[in-house]
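Asker: okay, sequence plus prediction incoming.
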Amino acid sequence: MSFSFTYDGVDSATLLATWPRTETTLDLGDGRTQVTVEWRDPASGLAVALVTTRYADFPTTTWTVHFTNTGAHPTPTLGDVLAIDLTLPSPGHPSTDCVIHTAHGNDVRDTDFAPLDVALEPGSFRTFTNLGGMSTQGSVNPDPTAANVGGGWPYYNIDSGGRGVIVALGWPGQWAMQIDRPEPGTLRLRGGMSQREDLGPADEIDAASLTEMWLPPGESIQTPLIALQQWSAATWIDAQNTWRRWVITHLVPRRGGELPAPVCATQANDYFEGQIDTADDEVAWLDAYSAHHATVGTGGVHDHWWIDAGWYQTPPNWRDLIQAPWPQWEMVGTWAADPVRFPAGLKPIVDRARQLGMSTVLWFEPERVMAGTWLHENHPDWLLAPPPGFSSFWGPDGAFHLDFGNPDALRWAIDHFGALLGEHEIDIYREDSNYPFLPYWVHHDPPGRRGITQIRYVVGHLAYWDALRERHPNILIDNSAGSGHRLDLELVRRSVSLIHDDKLFDATANQCHTYGIRHWIPWTGSATRVAGGPDDVYNARSNMGMAFHAALDVTAAGAAEWSILKGLAAEWRELTAHFFGDYYPLTPHSTASDAWMAWQFHRPDLGAGHIQCFARPDVPTATALTVRLQGLDAEATYRVWDIDDKDTSRTFRGTELMTTGIEVAPVPRPYAATLHYLNATNG
C-alpha cells in the first residue's frame with residue numbers, strides 16, 4: 001500500500017484487507033488516467049479513497065488520500081496518517097551508494113535552493129520538515145544535532161547510480177518526510193501533514209504530531225499530494241530534466257489554455273512612504289516608460305505594470321496599531337483602493353498600461369489581517385487570533401489570520417477578491433504572505449482533533465485559488481509568500497512565481513538561487529534594477545528567468561539608464577525560448593566571491609540553447625573558465641556566438657563542445673557572459 005493510517009488503534013494494512021473495496025477509472029485526457037480505489041468500514045461508515053493519476057508519457061504517478069465519514073455518528077480516532085508509506089526495492093544494486101539529491105528551502109539567504117546531497121547508508125534514515133507552516137521555508141543547519149534542520153524543500157531525488165526515484169510532497173502547510181534505507185536492497189518513504197516544525201534529521205516521523213482526529217458525520221479530509229517518478233538514466237541530472245519536462249507538460253498552469261508566456265514586468269511605486277504613491281504618480285511613471293519607448297506598445301519589451309503593496313486603505317490611526325519601524329503598507333485587511341490617493345480606483349492606471357500594450361500585476365496579502373482594518377473590525381469571527389504569548393514583530397496586537405477553513409470567510413474572499421480582479425481588469429493576481437501560520441493552526445485545534453484547523457485551512461486556500469481561476473480563466477496567479485516560502489507541488493500546479501527569493505539585488509545570491517531552483521521548478525523569476533552603475537549588466541544577467549522584473553528610478557534616470565534597461569530587456573527576450581528546455585549546471589554551486597558559476601538551457605526540439613557564465617568580483621584576472629556543454633547531438637555542427645558580439649560566431653561539432661568544451665575568458669570583474677548556440681548542420 002502506498003499510504004497508511006491507524007483507525008481506533010488498528011493499522012490500516014490489517015483493516016483495508018477486510019473492508020469492501022471498489023475501483024473506478026476515468027480518462028482525464030492528455031495521457032492522464034485517474035484511478036480511484038475506495039474502501040469502506042461497514043461498522044462506522046468511514047470511507048477511504050486513494051485517488052491516483054497515472055501519466056502515459058512520463059514514468060510518474062501522483063496521488064492523494066481522502067477520508068470521509070459516511071456514517072451517522074462520529075468515527076473512532078483516525079491517526080498516524082501518512083500520505084506516503086511506501087517500501088520499494090532500493091534502486092540499483094544493493095551494494096551501490098545511495099544519495100538523496102535535494103535542496104535547501106528559502107530563508108532569504110545566499111544558500112536558498114542550494115543543492116544538498118545526503119548520503120543514505122544501509123540502516124540509516126533522514127527526516128526533513130519545514131518552518132512555520134510555509135511549505136518551502138527553512139534550510140539545513142550544519143549542526144546535525146540541532147532542531148529546525150529539516151531543510152524546507154519537499155522534493156527529493158534518491159539516486160543509486162543510474163537508477164533512482166524522485167518523490168515530492170505537495171502541501172502548502174506543515175509537512176514531514178522520512179527517507180529510510182533499512183537494509184541495502186530496500187527503500188522506505190514516509191511523509192504527511194505534521195504539526196511540528198522542530199524535528200531534527202534523526203527524529204522519527206512518528207514524532208511529527210501527525211494527523212489524529214475523529215470525524216463528525218459528513219466531514220471529509222485529505223492528505224498532501226504525492227508525486228513519484230522512477231528513473232533510469234546516465235546521471236541524476238538527466239532524471240531531473242525528465243522531471244522538469246513532466247512539470248512543464250502537466251503541472252504548470254495554463255493561461256487561456258496555453259503555457260504562460262514569459263513576463264517582463266516593471267514598477268516604480270515605493271509602497272507609498274510619505275503618502276506620495278498616488279494614481280497620478282503611477283500614470284506619470286507609466287508615461288515615462290512610454291516616452292522612452294520601453295513598453296511593448298511603444299517598441300520595447302516591458303509587458304506588465306506591477307502595482308505592489310500600498311494601494312489599499314489603511315486605518316487613520318495606523319501608527320498606533322503597528323510597532324515602529326514597520327511602514328504603513330503593512331496594515332493589510334481593508335481591501336479597497338485608498339479613496340484619497342486613488343479616487344477613481346486603479347482603473348486609470350490599468351487603462352494607461354493597456355494603452356501602452358501592458359498587462360497588470362496587483363499585490364494582495366489576504367491571509368494576514370491587522371488590527372483596526374475592515375476585516376478585523378467587521379468580521380473577527382472569520383479570523384484566527386494569535387496564540388496567547390505569541391511573539392509578533394508587528395506590534396502589541398500582532399496579526400490575525402483570515403481563516404480559509406471558515407466557509408463564510410472563504411465565500412467572502414472568493415466574491416470580494418474575485419470582484420476586485422474583474423473590476424480593475426487585473427491580469428496577474430500576486431498573493432504574498434509574510435508570517436508563520438503553524439502556531440495559529442495548532443492553537444485553534446479543538447480537543448481530539450489534531451490537525452483539523454490546518455487541513456481545513458489548506459483545502460480552503462486551494463479552493464480559493466481554484467475559484468479565482470475558474471471565475472477569471474485568463475488570470476495568472478503569482479505565488480509570492482515572502483517570495484519563495486510556498487513552492488510546493490499543490491501551488492506549483494496553480495501558480496507561477498514572478499520573484500522566487502526576497503534576497504534581491506545581490507548578484508551572487510541571485511545566481512545561487514537560480515542555479516538550484518531550476519532543477520525542480522521551471523517557471524520562476526527574479527528582479528533587477530538599473531542604477532547607472534558599472535555592474536548593471538552583470539546584476540541583470542544574474543536574474544534572467546521566466547519572469548524578469550527590471551526597473552529604474554524614473555524620476556532620476558537619464559538617457560544612459562533607459563538605454564541599458566531597454567537593451568537588457570531585449571537581451572532577456574532572446575533567452576526566453578530556452579527556459580522551458582532542459583537545464584544543466586556546468587560548474588559546482590558556490591557562494592564564494594572568487595568562484596565561477598555557469599549553467600546551460602537546452603532545447604532539443606530546437607537544436608538551440610544558451611549558457612550563462614559568471615566570473616565573480618574576486619576571480620583572478622588571468623583565470624578563464626572552460627565549460628563542457630551537455631545534451632547536444634554529438635555529430636551535429638553548432639554555431640556559437642556571444643550575445644555581446646552577435647556578428648562574430650564560431651562553429652563546433654557537438655562532440656567537441658561536450659568533451660573539449662568552450663573557453664570563456666573575461667576581461668573585467670565581475671563579468672557575465674551569455675553564449676547562444678544553434679544546430680547549423682543543415683545550413
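Answerer: Structure received. Residues are numbered from 1 along each chain as shown.
Asker: now residue 116: which helix or strand?
Answerer: Taking DSSP states H and E as the criterion, residue 116 maps to strand 115-119.
Asker: can you give me the offset of that strand from its chain's centre?
Answerer: Taking the mean of its C-alpha atoms, strand 115-119 sits 20 Å from the chain's own mean (C-alpha atoms, centre = their mean, to the nearest Å).
Asker: and the helix or strand that that strand is followed by, what other elements does it pack with?
Answerer: Once the chain leaves strand 115-119, the next helix or strand it forms, by DSSP H and E, is strand 124-129. Contact here means 3 or more C-beta pairs under 8 Å, 6 or more residues apart in numbering; DSSP states H and E; on that basis strand 124-129 packs against strand 175-183. From N, CA and C alone the C-beta is placed, and that goes for glycine too.
Asker: at 10 Å instead, please
Answerer: Using 3 or more C-beta pairs under 10 Å, 6 or more residues apart in numbering; DSSP states H and E as the contact criterion, the neighbours of strand 124-129 among helices and strands are strand 99-103, strand 115-119, strand 155-159, strand 175-183, strand 186-193.
Asker: quick check: residue 98 vs residue 127, distance?
Answerer: Applying C-beta to C-beta, to the nearest Å, the value for residue 98 to residue 127 is 16 Å.
Asker: actually residue 404, sorry about that
Answerer: To residue 127, residue 404 is 28 Å away according to C-beta to C-beta.
Asker: same question, residue 155
Answerer: Separation of residue 155 from residue 127 (C-beta to C-beta) stands at 15 Å.
Asker: which one of the two is surrounded by more residues?
Answerer: Here residue 155 and residue 127 are compared on neighbour count by other C-beta atoms under 10 Å; more neighbours surround residue 155, at 27 against 23.
Asker: which residues sit in contact with the more buried one?
Answerer: By C-beta atoms under 10 Å, 6 or more residues apart in numbering, residue 155 lies in contact with 101-103, 105, 128, 136, 166-170, 177, 227, 240, 243, 487-489, 492, 519-521.
Asker: in contact with residue 550: list those residues for me.
Answerer: With contact taken as C-beta under 10 Å, 6+ apart, residue 550 is in contact with 264-266, 294, 301-302, 526-530, 536, 540, 543-544, 564-566, 568-569, 572.
Asker: mind running it again at 8 Å?
Answerer: With contacts defined as C-beta atoms under 8 Å, 6 or more residues apart in numbering, residue 550 is in contact with 264-266, 302, 527-530, 540, 565, 568-569, 572.
Asker: repeat that for residue 105.
Answerer: When contacts are counted by C-beta under 8 Å, 6+ apart, residue 105 touches 112-113, 130-131, 136-139, 151-153, 485.
Asker: need the max-distance pair from these.
Answerer: For these, the farthest-apart pair by C-beta to C-beta is 113 and 131; their separation is 15.1 Å.
Asker: comparing these two, which residue is more hemmed in?
Answerer: The residue with the greater number of neighbours, taking residue 113 and residue 131 and applying other C-beta under 10 Å, is residue 113; the counts read 30 against 23.
Asker: so which residue is smack in the middle of this protein?
Answerer: The geometric centre of the chain, computed from its C-alpha atoms, lies nearest to residue 487 (C-alpha atoms, centre = their mean), at 2.6 Å.
Asker: just give the nearest non-adjacent residue to it, would you?
Answerer: residue 136 (4.4 Å; C-beta to C-beta, 6 or more residues apart in numbering).
Asker: okay, and residue 87 sits in which element?
Answerer: Applying DSSP H and E as the criterion places residue 87 in strand 84-89.
Asker: what's in contact with that strand?
Answerer: Outside strand 84-89, the residues that touch it by C-beta under 8 Å, 6+ apart are 1-4, 165, 167, 169, 185-192, 226, 228.
Asker: filter the residues you listed down to the buried ones.
Answerer: The neighbour-count test (16 or more other C-beta atoms under 10 Å) marks 2-4, 165, 167, 169, 187-192, 226, 228 as buried among the contacts of strand 84-89.
Asker: flag every buried residue along the host helix or strand of residue 408.
Answerer: Per DSSP H and E, residue 408 falls inside helix 407-423. For helix 407-423, the buried set under the neighbour-count rule, 16+ other C-beta under 10 Å, comprises 409-410, 413-414, 417-418, 420-421.
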